[in-house]
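Enquirer: Here is the input, now give the coordinates:
(6 chains, ligands or ions: 3)
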Amino acid sequence: MSVLTASLIITAIGMGLVFVGVLLLWALMEGIVRLTAGTDKEEGEKEESEEVKIPGLDVRKQRVAAVAVAFALSVKQRMVRQAEPTEGNALSAWQMVRYASRLSRRASLFNRMK
Amino acid sequence: MSVLTASLIITAIGMGLVFVGVLLLWALMEGIVRLTAGTDKEEGEKEESEEVKIPGLDVRKQRVAAVAVAFALSVKQRMVRQAEPTEGNALSAWQMVRYASRLSRRASLFNRMK
Amino acid sequence: MSVLTASLIITAIGMGLVFVGVLLLWALMEGIVRLTAGTDKEEGEKEESEEVKIPGLDVRKQRVAAVAVAFALSVKQRMVRQAEPTEGNALSAWQMVRYASRLSRRASLFNRMK
Amino acid sequence: MDPTLLISTILSGFSSFTWGNALMIVVGVVLIGLAVIKEYEPTLLLPIGFGCILANLGMSAYQEGGFLNVLYKAGIETELFPLLIFVGVGAMIDFSPLLAMPHMVLLGAAGQFGIYGTLVLAALLGYKLNEAASIGVIGAIDGPTSIYVASKLAPHMLGPIAVAAYSYMSLIPIIQPPIMKLMTSKKERMIRMEYSPRPVSKRALIFFPIVVTVAVSLIAPAAAPLIATLMLGNLLKVCGVVDRLSDAAENAIINIATLFLGLTIGATMTADKFINPATLGILVLGLLAFILDTVAGLLFGKLMCFVTRGKINPLIGACGISAFPMAGRLSAKMAQDEDFDNFILMHALGSNTAGQLGSVVAGGLLLAIVNGMLPLVH
Amino acid sequence: MDPTLLISTILSGFSSFTWGNALMIVVGVVLIGLAVIKEYEPTLLLPIGFGCILANLGMSAYQEGGFLNVLYKAGIETELFPLLIFVGVGAMIDFSPLLAMPHMVLLGAAGQFGIYGTLVLAALLGYKLNEAASIGVIGAIDGPTSIYVASKLAPHMLGPIAVAAYSYMSLIPIIQPPIMKLMTSKKERMIRMEYSPRPVSKRALIFFPIVVTVAVSLIAPAAAPLIATLMLGNLLKVCGVVDRLSDAAENAIINIATLFLGLTIGATMTADKFINPATLGILVLGLLAFILDTVAGLLFGKLMCFVTRGKINPLIGACGISAFPMAGRLSAKMAQDEDFDNFILMHALGSNTAGQLGSVVAGGLLLAIVNGMLPLVH
Amino acid sequence: MDPTLLISTILSGFSSFTWGNALMIVVGVVLIGLAVIKEYEPTLLLPIGFGCILANLGMSAYQEGGFLNVLYKAGIETELFPLLIFVGVGAMIDFSPLLAMPHMVLLGAAGQFGIYGTLVLAALLGYKLNEAASIGVIGAIDGPTSIYVASKLAPHMLGPIAVAAYSYMSLIPIIQPPIMKLMTSKKERMIRMEYSPRPVSKRALIFFPIVVTVAVSLIAPAAAPLIATLMLGNLLKVCGVVDRLSDAAENAIINIATLFLGLTIGATMTADKFINPATLGILVLGLLAFILDTVAGLLFGKLMCFVTRGKINPLIGACGISAFPMAGRLSAKMAQDEDFDNFILMHALGSNTAGQLGSVVAGGLLLAIVNGMLPLVH
Ligand code: NA
Ligand code: NA
Ligand code: NA
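Expert: Numbering: from 1, shown residues only, chains lettered A, B, ... in the order given. Ligands and ions are numbered 1, 2, ... in the order given. The predicted structure is shown next:
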């Protein structure tokens, strides 16, 4: 068999198996996420129970206060982060990703609240 | 010789030698501590001389102030420590030990003062 | 050849080549510094342009303010540095060197301003 | 006494120095320049450049007993360095966007076409099969995977392959945008994608690396060490109970392995191994691999756009090539350039992590199939 | 062309996979579960569990040329990993309570009876002498000591021995309390101990690791590397002039060694080596070793209580087993459960560090005596 | 059963222990004492002292299979440890004072005379050429260089040479001042030096390590690995784009290499290798090397003072010996002792970094020339 024939066969088998492998990963991920869905609930409930602990304030005001505190903390955190030494583009790319992942978690929280 | 016989002989010799070794360690520790006793004195004296440096206060008041400062510092230190990330039970066990060792040093200070 | 003769020959060749090597390094350093002279200028200009950004203050006052801020920052930095744990003489020697190198950079800034 | 011998011993540094060595030192300086001035993957290109200089001053990775030879045997021949880097990379990757949108994983398959397309091209140009496959694996666009596969199939090509992989990876913001603009319409690039991910539990994040390790090791056993170390690092991070170990993985281990890997890879770039037509071929074909990856990814993105009746922005196909996280960030930026309020970063990162997985799988499959075919090729 | 060969190459991952491998992967997942959910010694059980999974996916420590084989040869066959861990552990142990109350060191001898008692039991059950001794050393209740001795006497048993040692160590708060309650009266547990330690100078703390190294190396030369590295770490810490080195010992060195040790030990747990009656025997006998240690320690504590006419709380006998510092903390807690003002932690920690020393001495003596006896046993 | 054999196995620790071993343990304790009490280079003398103790308790670097033998083979025979230390040292050295005053580099040549002067003295005393050269290299007053050269020429002398190098280096504040006062007049010591350095661009600082690596590797190829690693560390630092790598070099890498280097060098100091007249000779000649370096440096300083008509303070000649940065600081202090406002630290540091470069060049040339001469000597 010539190298070219071999390379064409490898391409056919290889790309085929890559798609097979990736479909399997998809199925596995579906399985993992569905089987573990709701396992974090208890923690979520704990967080909510913390929310209503401050006495003498109606729930709406408390929520406002909570948002304000969260905002203040996030600003503070960002300032601390900006003070950190950055390592060229590489690190800032990773920071972007971490920031996005935080966004993602916040988004899934909102979804659960709905 | 059978394995069982051998194991019994090993147990006899082994436990015997463990006790011999441990007694030797005891003797060595006694020796070390006695031979080095009082070598930290100079530092102790320095600390005491520091104690009377603040002018215009009688010694009793100064001691009270010193205790107050020490207490404040220890509270602060504890708060800092609590803010540190803990790594499961393992780390908190080590923290316990460090805390205990600090207690121990304080205790030996009191003994010296007596 | 005896060991002594050999060692004398080695000394002659060795010290000669050391001086040759060192003269070469001198020439190379001269070359490097001259060829790269002025490449940091742009940054220098940027710094100067930053200097005049605060509106509503004449340049002299701004310079005074800048010096004051720089002094405050340097005092603060030194306090932080002094609070760091030092590792015997070794580290303090390195600190000395770093401090000296900072001095050196400041000196070369002054030279450029002249 | 024979003074000629003595003088020749002393001057051995000059007598063995060739014009080729001088040229390679210039190459090393250029790589360092790209690292320092352009900040192209500096943590790798700077050590590679310095290692290249050393290789041409008598300290190559092949010089028996030299310190770079010791490091080469300890970390490249054993494959430890790329695998230890993967432990650290795994600890830094966040798979939750992918777990929230598992269908994104399909994009991670399309973006591997460059590997196989380049293999065929290299075969056409007359390279041997093992060499053609090693050049193709530049299309994995993943440093450790490329180095791992090339060190098994064609170790004599390690230097140019690593240089191509890391240089082009840092050139992605220059290579990809023209292709994206050429292959997608403005309307396509403006497609907004709703981001309402399923919640992903902490337990799912912990199961994920274990399940992926088992599955990929069974499908592509040649890729097993790569996927195992990547997933080990990820598990150390997400489990949340071994901060000491994930800290070691993210810092001491990856930093030391990166420095030594770069140096030793650079130290394989001696003049006699690097200055030849094959190297030029590798650099050109490597660039083609990147382009083919991007084209295939975008075509698949357009297919998904068509199938879902316009719900998928084809741009996220371009980041299924791996090169995490630069490629993901770039796709999101291209979308935002057309419409400032179009925020597709989460989808792009899902596709990008899928590309990371797909690259390892494709690299491992390539290695296995080529090894199975080698005896059949004459 | 022979397509059968090609297909079998590609599917090699599946064809070599057995039910035993599947079972061992479940074992690995269970170990990771214990590490993550129960936080049982996670820094070791998690890498062991992951290594166990890899071992059964074709990446065992025995597979010539594999990366876990490289790490196994570099760190287990040379014994570097357990010794480097001891450098870090030494930097974290504080021997001042023991130096202040040197008589406590006796309790560190009694708590080693489990080693020898289990050796006899294992001999009764028909294990060979080297195997019986390796099982017995689980009773040292000290990971590095167990691994060091077992890797010299019966390396094929390393996996189950390490798993037993670390699992039971983290189960101490479950294993010991019932035995303590059974063997001591409430009155005994309520005995208060005066804590008025002699002052221990900094100089004594510095001499201690040096003197112990010399003494133990002479008495039990087989334990010399263990005690030497433990004491080296301690010296780096207490001397106060090499913060850089003690920091490296406490962080980079111990973290990297722990990760690699766990992985490689786990990677010895292939189905064919692990799934057999001997493993079950090791797990059962290991538990017995822990129980025998505790019983012997408590009996010796009661003896000291009797001799000193009630001045010693027998509970501190139970922490002479090593397992520093969990065992010491547990004894103190048991005393406080009976009487909230009974604070015996300092005595417990003295006994506990004595147990750490006693374990290394006993392990080293066991290794030496067994090596001396092996030629005599038929 | 033969109980004699068993007993001799158990007591092997005592039976092989000699008076020589006891003496060497005292030597180890003294080294640790110097490290802890006097803080003489503690990061090296403490591990060397502890390693010396271990070497005489059956754990020498020569004992096949022992853990210190493993480390010796991994890091001393391969020369990795001194080179890794140099990567860290390079990251901590600032060459900008030298670049600002390049003529200072001449002082770095004169301060190497001790190497060659001591070589002649050792030859006079009857040492073999390789031994005499290894003793001479103590005059490099640079730990890694001394260890690197000695491990190639006379590895059996590594222990005393390393001890001499590091002990005397920490004794510089005691050895140099009397010589300085004897050889310079008060008027000379009071010479002030203008400090108006040329500005040194960041680009110059980046080119410097690359150019020096190329130049020195060509002139003194035997010194190439030393200069390459030193300059690599420096490049990682000054380039400013690879903070992760320079952090690894300055911390994890140098700390671990220092600990292991000290331990293994100490572990070569067994009684049979150390207790002999040659060791005493090494210690005496090593001291002479330091003195000769200082004398030659000062003489050259006086020459430069004469040539420049009193513009150079001869004291800065004394710090051309390397021993960075202690020697530079000491010269500056001596000048300030005469006149509080005389601040020559920057010039002293320029001379001192020149001495660092000169030491490596001189050490490499010595190695090359001696290797070229060895076949000619009978
Ligand atoms: Na890819
Ligand atoms: Na024990
Ligand atoms: Na020198």
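Enquirer: can we go C-alpha only for contacts and neighbour counts from here?
Expert: Noted.
Enquirer: longest helix anywhere in the chain?
Expert: As the question left the chain open, I've gone with chain A. If you go by DSSP state H, chain A has its longest helix at helix A:3-35.
Enquirer: my bad, chain D
Expert: For chain D, the helix with the greatest residue count under DSSP H is helix D:277-307.
Enquirer: Give the buried residues for that one.
Expert: D:279, D:281-283, D:285-305 (16 or more other Cα atoms under 10 Å in any protein chain shown).
Enquirer: same deal with stretch D:187-206?
Expert: Across stretch D:187-206, burial judged by 16+ other Cα under 10 Å covers D:188-193, D:195, D:197-206.
Enquirer: Quick one, grab the pLDDT at residue 95.
Expert: You didn't pick a chain, so chain A it is. Listed pLDDT for residue A:95 reads 52.
Enquirer: actually chain D
Expert: At residue D:95, pLDDT is 93.
Enquirer: again, but for the one 5 residues further on
Expert: With respect to pLDDT, residue D:100 scores 90.
Enquirer: Which residues are in contact with residue D:159?
Expert: Each residue near residue D:159 by Cα atoms under 8 Å, 6 or more residues apart in numbering or on different chains is listed here: D:265-269, D:274.
Enquirer: one more time with 6 Å
Expert: Residues near residue D:159 by Cα atoms under 6 Å, 6 or more residues apart in numbering or on different chains: D:265, D:268-269.
Enquirer: next one: residue D:98
Expert: Neighbour list for residue D:98: residue D:350 [criterion: Cα under 6 Å, 6+ apart].
Enquirer: any idea which element it lies in?
Expert: helix D:96-100 (DSSP states H and E).
Enquirer: and that helix, how far from the chain's centre?
Expert: Relative to its chain's centre, helix D:96-100 lies at 22 Å (Cα atoms, centre = their mean, to the nearest Å).
Enquirer: sorry, back to before: buried residues in the longest helix of chain A, which are they?
Expert: Of the residues in helix A:3-35, A:3-4, A:6-8, A:10-11, A:14-15, A:17-19, A:21-26, A:28-30, A:32-33 count as buried by neighbour count, 16+ other Cα under 10 Å.
Enquirer: ok, now stretch D:237-248?
Expert: For stretch D:237-248, burial by neighbour count (16+ other Cα under 10 Å) applies to D:237-239, D:241-248.
Enquirer: That one near chain A at all?
Expert: No: Stretch D:237-248 does not reach chain A (Cα under 6 Å from any Cα of the partner chain); its nearest approach is 13.2 Å.
Enquirer: which residues in the stretch 1-150 of chain D form strands?
Expert: Using DSSP state E, counting those that start in this stretch, no strands are found in the stretch 1-150 of chain D.
Enquirer: Give me the below-cutoff pLDDT ranges for it.
Expert: The model of the stretch 1-150 of chain D has pLDDT under 70 over residues D:1-3, D:5.
Enquirer: for chain A, same thing?
Expert: Flagging of chain A using pLDDT under 70 yields the residue ranges A:40-114.
Enquirer: Tell me the residues of it that contact chain E?
Expert: Residues of chain A lying near chain E (Cα under 6 Å from any Cα): none found.
Enquirer: For chain A, which residue gets nearest to ligand 1?
Expert: Here chain A gets closest to ligand 1 at one residue, residue A:18, 11.4 Å apart by Cα to the ion.
Enquirer: Report how many residues lie close to the closest residue to chain E within chain A.
Expert: Among the residues of chain A, residue A:1 lies closest to chain E, at 7.6 Å counting by Cα to the nearest Cα. When neighbours are counted by other Cα atoms under 10 Å in any protein chain shown, residue A:1 registers 12.
Enquirer: just residue D:18 next, same as before
Expert: The local packing of residue D:18 (other Cα under 10 Å) involves 13 other residues.
Enquirer: Residue D:4 too?
Expert: 9.
Enquirer: And it, how far from chain E?
Expert: 45 Å (Cα to the nearest Cα, to the nearest Å).
Enquirer: Same check on residue D:106?
Expert: Taking Cα to the nearest Cα, one finds residue D:106 at 22 Å from chain E.
Enquirer: Check residue D:173 too.
Expert: Residue D:173 sits 35 Å away from chain E, going by Cα to the nearest Cα.
Enquirer: Remind me which helix or strand that residue belongs to.
Expert: Going by DSSP H and E, residue D:173 is in helix D:172-183.
Enquirer: Give the buried residues for that helix.
Expert: Buried residues in helix D:172-183 (16+ other Cα under 10 Å): D:172, D:175-177, D:180, D:183.
Enquirer: Alpha carbons of that helix, in CSV - could you do that?
Expert: The C-alpha trace of helix D:172-183 is given here as CSV (Å, rounded to 0.1, in the frame of the first residue of the first chain):
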residue,chain,number,x,y,z
ILE,D,172,-4.6,32.5,15.9
PRO,D,173,-5.8,36.1,16.3
ILE,D,174,-4.1,36.8,13.0
ILE,D,175,-4.8,33.5,11.1
GLN,D,176,-8.4,33.0,11.9
PRO,D,177,-10.3,36.3,11.4
PRO,D,178,-9.8,36.6,7.6
ILE,D,179,-11.1,33.0,7.2
MET,D,180,-14.0,33.8,9.4
LYS,D,181,-14.9,36.9,7.4
LEU,D,182,-14.5,35.1,4.1
MET,D,183,-16.6,32.1,5.1
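Enquirer: Packing partners of whatever helix or strand comes next after that helix?
Expert: The helix or strand immediately downstream of helix D:172-183 is helix D:186-189, counting by DSSP H and E. When contacts are defined as 3 or more Cα pairs under 6 Å, 6 or more residues apart in numbering or on different chains; DSSP states H and E, helix D:186-189 packs onto no helix or strand at all.
Enquirer: Toward the C-terminus, what is the element adjacent to helix D:186-189?
Expert: Where DSSP H and E defines the elements, the next helix or strand beyond helix D:186-189 is helix D:202-219.
Enquirer: ok so, going back, with pLDDT and distance to residue F:13 added, can I get the buried residues of helix D:172-183 in JSON lines?
Expert: What follows is the buried residues of helix D:172-183, written out as JSON lines (pLDDT from 0 to 100; distance: Cα to Cα, whole Å):
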{"residue": "D:172", "pLDDT": "89", "distance to residue F:13": "64"}
{"residue": "D:175", "pLDDT": "90", "distance to residue F:13": "69"}
{"residue": "D:176", "pLDDT": "92", "distance to residue F:13": "69"}
{"residue": "D:177", "pLDDT": "93", "distance to residue F:13": "72"}
{"residue": "D:180", "pLDDT": "93", "distance to residue F:13": "74"}
{"residue": "D:183", "pLDDT": "93", "distance to residue F:13": "78"}
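Enquirer: and of those residues, the nearest to chain C?
Expert: residue D:172 (28.2 Å).
Enquirer: Just give the nearest non-adjacent residue to that closest one, would you?
Expert: Leaving aside its sequence neighbours, residue D:172 sits nearest to residue D:327 (Cα to Cα, 6 or more residues apart in numbering or on different chains; 7.0 Å).
Enquirer: Surely the one you found and residue D:320 touch.
Expert: No: using Cα atoms under 6 Å, residue D:327 makes no contact with residue D:320, being 8.1 Å away.
Enquirer: More neighbours: these two, which one.
Expert: In terms of neighbours (other Cα under 10 Å), residue D:320 is the more surrounded of residue D:327 and residue D:320; the figures are 39 against 27.
Enquirer: separation between that one and chain B?
Expert: 36 Å.
Enquirer: where does that residue fall, phi/psi-wise?
Expert: Backbone geometry at residue D:320, expressed as degrees, to the nearest 10, gives phi -80, psi 10.
Enquirer: Residue E:92 versus the residue of chain D found nearest ligand 3, what's the distance?
Expert: Nearest to ligand 3, among the residues of chain D, is residue D:10, at 20.5 Å (Cα to the ion). According to Cα to Cα, to the nearest Å, residue D:10 stands 51 Å off from residue E:92.
Enquirer: Of these two, which one has the most company?
Expert: Under the criterion of other Cα under 10 Å, the comparison of residue D:10 against residue E:92 puts residue D:10 first, with 26 against 20.
Enquirer: Could you check which residue of chain D lies nearest chain F?
Expert: Closest point on chain D to chain F, by Cα to the nearest Cα, is residue D:13, at 4.4 Å.
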